[in-house]
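# would you be able to build a 3D model of this:
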Amino acid sequence: MRMRSVLTHSAQAVAEGALIAALVVGALAGTALAGKPGGGSTSSAMRVDDGVFAGTTTAHRGSTSAVWAHAKCYQAGVLVFEQWRMYVDGTTELSLGPTPKWSAGAANCTAEEGYYVRMTRWRSSGSTTFNVAGA
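Numbers count the residues shown, from 1 in each chain. Now for the predicted structure:
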């Protein structure tokens, strides 16, 4: 009887330890990876200044929860540019071409801001549009 009690107690202790370890690792991974890039929705006070091809523009964070800005630019409905940038002190600078698909000209662009939850689920906290003039 005593041996059975020791084995039962040991198994419960190991299971409890594994659960605690999993919770700690999950919490650390969620904190460390909260700012990885990904895809989402909605609108907010996020703002991206219009720009000029081959120049730069500034994205202004609209939500304090946003960690990344994700910009995409299109010419005639074709994606010609995509960039992820991390916010620093509420802003980040986006480059506006050239890319292999965008060698010149104006483009219509969208920008989204947000963060990742558990490394796989993108949470958007806002979006906006901006324009790029041809050089």
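# let me see the domain layout of the protein.
Domain segmentation of the chain under automatic domain parsing yields 1-32, 47-133.
# deepest of the ones you listed, which one?
When you average the neighbours per residue for each of these (mean count of other CB atoms under 10 Å), domain 47-133 leads with a mean of 17. All C-beta atoms are positioned from the backbone trio N, CA, C, and that covers glycine.
# gap between the two ends of that domain?
17 Å (CA to CA, to the nearest Å).
# any idea of the mean pLDDT for that domain?
Per-residue pLDDT values over domain 47-133 give a mean of 95.
# quick one: contacts for the closest residue to Ala135 other than its chain neighbours?
Leaving aside its sequence neighbours, Ala135 sits nearest to Phe53 (CB to CB, 6 or more residues apart in numbering; 4.5 Å). Applying CB atoms under 8 Å, 6 or more residues apart in numbering, we find Phe53 in contact with Leu96, Gly97, Pro98, Trp102, Ala104, Gly105, Ala106, Ala107, Val132, Ala133, Gly134, Ala135.
# quick one, phi/psi of Phe53?
The phi/psi pair for Phe53 (degrees, to the nearest 10) reads phi -50, psi 140.
# please enumerate the helices of the chain.
Assigned by DSSP state H, the helices in the chain fall at 2-32.
# what are the ranges of the strands in it?
47-48, 51-52, 56-60, 68-75, 78-86, 91-95, 107-117, 121-133 (DSSP state E).
# can you list the strands that the first one pairs with?
Read that as strand 47-48. strand 56-60 (antiparallel) (DSSP bridges).
# and what of the second one?
Under the criterion DSSP bridges, strand 51-52 sits next to strand 121-133 (parallel) in its sheet.
# follow-up on the earlier one: with distance to Leu79 as extra columns, can I get the contacts of Phe53 in TSV?
As requested, the contacts of Phe53 are arranged in TSV below (distance: CB to CB, whole Å):
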residue	distance to Leu79
Leu96	14
Gly97	12
Pro98	15
Trp102	9
Ala104	16
Gly105	14
Ala106	15
Ala107	10
Val132	13
Ala133	19
Gly134	18
Ala135	20
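# alright, that wraps it up for me.
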